[in-house]
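Student: no sequence on this one, just coordinates:
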């Protein structure tokens, strides 16, 4: 009797996560979508964002988000995969037990700290070495790449570690070197996990706000070079939310809706890939 | 405003003053809908908003600032407009070094930006290649640390790391603003829906009193009292 | 084409991997070192216990420390029952099937939602619609939703790790399902559950985008759940980007990072002790 009641109650509680997700989706879409219909797709899907004058084009921001995410992947994937492979295949137990927690601990550093280091160290460096104002796609890409490093390392490491020993042994038995085994046996088997990790890293990069605001310069024009300033969807929302009213505010929720959809799709893909095994 | 409410509370302990953030448009709207008792605005009311009762409490100069090491000291409003439009893009044209100009603006919706657009840009759009920051302090930081940047901030926030550019040879000093010689100036208004009474009236009176105005002067604004006395 | 033998390419690969790993780790260590080096000087008893004055240029960071602690602890208090309850249901009451998939999907998706979306949601739902205004409560509720998936995931692992035999013994002694869960499974899983809670805490403490739009940025000492407050992360952000006081910014960041490192370290040790017991 008591058991039945408990089971019902727990079932109810268990829906809290999905309920929260639905609440979030509902409220953000409820604020944002009507605006898209109000101003029309032609306006919303243009490159001109000037909400105080009725222009609500998000495309330059979408491009901005994509560019910095791409930059982040260019930095994060080589560094992250290398760390994961090195830790999992080439390093000894004691080294692993120190380095892995260090990398995971560093995943906890708040984004504002990364952004700050970006402003103080990276921006002047880029300005002096390469020119421009320093507030650039390059800077944002580098910092974001470092921020998603722990994600990629963790998930790739776990995937590599979970490749059965038998696979490796078989390869060694055939005379392959360690590196050949990694390239031809381990990595292909761990592929879906690694890709899932990269996609989750991508999601984190696209959704990042504070660090990007601090180092990307936030100029609305689509960047022509790595040294130009850039504006992402997340930056626009955070920069303009406090002072916005009426349509402007609704437009920011519309931006949020777009971002939300992109992230849900990315997460969905990542989950499907991991669940397949 | 928070400083003022602190002091106000000391004199009138029974009255609670809660300060909410938001921009001028938000403040004006909130006054219309009675979401707040007193709204604040840092721009003049548009004709359709004129039904609200307005009380000028201070003026705020908007200074155009450059890096301390920048040799350019004087600009005309036209030159400033063209810089922010993107038409002038090299300091060389203005008598400075052969370097690209990096203008920094505030975000869409900012009162400071709105005032700058009204009084300097005159219907021309600020270029979308300008860097954007969401507070005066942040704009100042960028200009202070980037040799080729230029931006606009509240005159009261100038510190020793940036230099205000003279507008037609007039610097945004206290004296120049009070005398009406520096022209990029925006009003700070308190707004109420109807004729204020009771604690609301007392609060407005306090802000306009010598005590309240002194606090405003301390944070770098030009108190309305000083203007009245001058003119 | 020069033929590179397998031994050589392995050596090259090894060197490249090692180099990149060293670069990665050095960058991460540099970041913490840089903040600490500049921030330690600022740390003093005064800094930690005084109120903030002059917009942050003077004084200490006590209001932010208190605000951060209250918001985080409140968020945990709200999220834990839901998180542990969900985890219990997932591991004890369902195996496969649509219900389980829906619940898991919800938790996984929620985990991927970026903090600015939580900021938007908290703003429109708690601050505006529920009329709570910018206050500690709004922030805590928003953060609770944010750390829910973390608690669910870790608690589920912890509960699953409790050996089947424990449950069987309880049943054979005549215990019902609820009794078994409450008196045997959950208590055994507590270290693992605690790990999840502490990890959630670590995430909440570093949050900026979600708290700035729900709890605001007031520098006053919080007096109630409905006071606006400024968390350490928000305070650091404002100090840094407005150039109000670079030394104090470093100091704030140092306190913040030490807090987070401590939290994660405790979680890590707990997790190890827990794992050691059952593996």
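Tutor: Sure thing, it's come through. It should be emphasised that the depicted structure is a prediction, and the values quoted were computed from it without experimental measurement.
Student: any part of stretch B:110-120 near chain A?
Tutor: Yes. On the criterion Cβ under 8 Å from any Cβ of the partner chain, stretch B:110-120 is in touch with chain A at B:110-111, B:114. All C-beta atoms are positioned from the backbone trio N, CA, C, and that covers glycine.
Student: which parts of that stretch are buried?
Tutor: Buried residues in stretch B:110-120, defined by neighbour count with 16 or more other Cβ atoms under 10 Å in any protein chain shown: B:110-117, B:120.
Student: which of those sits closest to chain A?
Tutor: Within the buried residues of stretch B:110-120, the smallest distance to chain A is 5.7 Å, found for residue B:110 (Cβ to the nearest Cβ).
Student: just give me the neighbour total for the spatially closest residue to the closest one that is not a sequence neighbour.
Tutor: Leaving aside its sequence neighbours, residue B:110 sits nearest to residue A:243 (Cβ to Cβ, 6 or more residues apart in numbering or on different chains; 5.7 Å). For residue A:243, the tally of surrounding residues (other Cβ atoms under 10 Å in any protein chain shown) stands at 24.
Student: same deal with residue B:27?
Tutor: Neighbours around residue B:27, by other Cβ under 10 Å: 25.
Student: repeat that for residue C:243.
Tutor: Residue C:243 has 17 nearby residues by other Cβ under 10 Å.
Student: try residue C:94
Tutor: Residue C:94 has 16 nearby residues by other Cβ under 10 Å.
Student: got the confidence number for the closest residue in space to it that isn't next to it in sequence?
Tutor: Excluding its sequence neighbours, the residue lying closest to residue C:94 (Cβ to Cβ, 6+ apart) is residue C:100, at 4.2 Å. pLDDT recorded at residue C:100 is 84.
Student: what's the distance between residue C:100 and chain B?
Tutor: 44 Å (Cβ to the nearest Cβ, to the nearest Å).
Student: and what of residue A:217?
Tutor: Counting by Cβ to the nearest Cβ - residue A:217 and chain B are separated by 4 Å.
Student: follow-up on the earlier one: looks to me like the residue nearest to residue B:110 is in a strand.
Tutor: No. Going by DSSP: H, G, I helix; E, B strand; the rest coil, the assignment for residue A:243 is coil, not a strand.
Student: which bits of the stretch 1-150 of chain A sit near chain B?
Tutor: A:48-52, A:60, A:124, A:127, A:133-135.
Student: any chance of the backbone angles for the residue nearest to residue B:110?
Tutor: phi -100, psi 10 (degrees, to the nearest 10).
Student: can you lay out the residues of stretch B:110-120 next to chain A as a markdown table showing secondary structure and pLDDT?
Tutor: Shown next, in a markdown table, are the residues of stretch B:110-120 next to chain A (DSSP: H, G, I helix; E, B strand; the rest coil; pLDDT from 0 to 100):
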| residue | secondary structure | pLDDT |
| --- | --- | --- |
| B:110 | coil | 81 |
| B:111 | helix | 80 |
| B:114 | helix | 83 |
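Student: ok so, going back, figure out the helix or strand that the residue nearest to residue C:94 lives in.
Tutor: Here residue C:100, judged by DSSP states H and E, is contained in helix C:98-112.
Student: residue C:274 - nearest residue in space that isn't next to it in sequence?
Tutor: Spatial nearest neighbour of residue C:274, excluding adjacent residues (Cβ to Cβ, 6+ apart): residue C:191 at 3.9 Å.
Student: coming back round to it: how near is the residue nearest to residue B:110 to residue B:128?
Tutor: Going from residue A:243 to residue B:128 by Cβ to Cβ, to the nearest Å gives 18 Å.
Student: ok, now residue A:214?
Tutor: In terms of Cβ to Cβ, residue A:214 sits 20 Å off from residue B:128.
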